[in-house]
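> Attaching a predicted model along with its sequence, questions to come.
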Amino acid sequence: MTQKKMKWKTLIFALGAILFLSACHKKTPPPPPPPPPPAAPTASLTANPNTVEKGQSVTLTWETTNATDVTIDGIGAVQASGSQQVTPTDSTTYTLTAKGAGGSQQATARVTVTSPPPPPPPPPAAGPTEEELFSQSVKDIYFDYDKSDIRADQQGSLQADIEFLKQHPNIHFVIEGHCDERGSTEYNLALGDSRAGSVQSALTQGGINSGNVKTISYGKEKPFCSESNEACWQQNRRGHFVYQK
């Protein structure tokens with residue numbers, strides 16, 4: 001009986017040793033994997049329009065992810081995503097920087113600022129009208145007392161009149177014959193008519209179209225000067241040119 005108990009004890013001891021040794025040889029489980037690194041930020045920035053004239057505005061639009069700090073040069077801190085109007089005075093590159101636990105990311109947008117075109121030049125000043133040129137350029141022809149022939153000292157004025165009228169062949173005009181106050185009304189009307197005719201004839205001989213010229217005599221009825229002296233009478237003895245519209 002005692003021998004039997006000894007066998008059982010030996011068997012139990014052996015089994016216990018086996019179990020103990022088995023437990024000692026079990027592998028230790030691996031440690032858990034480390035957490036993944038933080039995601040890197042993403043960033044985008046656009047300008048619309050990207051070319052403007054000086055003084056015009058541009059809309060900047062941006063979007064970021066995984067960022068806790070977002071700034072735009074020249075503007076400062078901004079929300080993670082958004083838009084804002086800016087008015088650059090010169091061509092500018094806007095730079096957005098997005099920072100987060102996973103690092104930083106930049107995005108840029110270029111805005112080109114052009115100068116506005118110069119204003120159109122003012123319209124050219126209107127030149128003198130044909131009638132104004134006529135009044136400035138065509139000179140009256142003066143006569144001696146009781147004469148209707150053109151004096152030698154009036155030939156220069158006559159030739160200048162002819163040259164101007166040749167350059168403006170479409171001008172129509174009237175030659176008025178005038179006299180001083182001496183003599184009868186009838187006599188001076190006839191003398192004024194003769195003086196106007198002499199000027200018309202000289203112009204026609206100089207190449208002026210006779211169809212452009214009319215004559216009329218006022219005699220002494222419309223004096224240019226009303227004083228009774230030779231200086232004044234001289235002004236009234238004339239062939240006077242009048243522009244005809």
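Alright, I've got the coordinates.

> Going by C-alpha atoms from here, please, whenever you check contacts or count neighbours.
Fine.

> and the residue nearest to residue 245 when sequence neighbours are not counted, what is it in contact with?
Spatial nearest neighbour of residue 245, excluding adjacent residues (C-alpha to C-alpha, 6 or more residues apart in numbering): residue 172 at 7.3 Å. Contacts for residue 172 (C-alpha atoms under 8 Å, 6 or more residues apart in numbering) come out as 212, 213, 243, 244, 245.

> Equivalent analysis for residue 215, please.
For residue 215, the contacting residues are 174, 175, 176, 177, 193, 196, 197, 200, taking C-alpha under 8 Å, 6+ apart as the criterion.

> Tell me which two of those residues sit farthest apart.
Farthest pair in the contacts of residue 215 (C-alpha to C-alpha) is 174 and 193. Separation: 12.1 Å.

> Relative to the top strand by length along the chain, what are the paired strands and their orientations?
Using DSSP state E to define each element, the chain has its longest strand at strand 103-114. Strand pairing for strand 103-114, determined by DSSP bridges: strand 51-53 (parallel), strand 92-100 (antiparallel).

> related to what we said a few turns ago, the more surrounded of residue 174 and residue 193?
Each of residue 174 and residue 193 has its neighbours counted (other C-alpha atoms under 10 Å); residue 193 has more, 22 against 18.

> can you give me phi and psi for that one?
Backbone torsions for residue 193, taken as degrees, to the nearest 10, come to phi -60, psi -40.

> Pretty sure it sits against residue 217.
Yes. In this structure, residue 193 is within contact of residue 217 by C-alpha atoms under 8 Å, at 4.7 Å.

> list the residues that contact both of these two?
Taking C-alpha under 8 Å, 6+ apart as the contact rule, the neighbours common to residue 193 and residue 217 are 176, 177.

> now the protein, which segments are flagged as low pLDDT?
Counting by pLDDT under 70, the ranges of the chain that qualify are 1-28.
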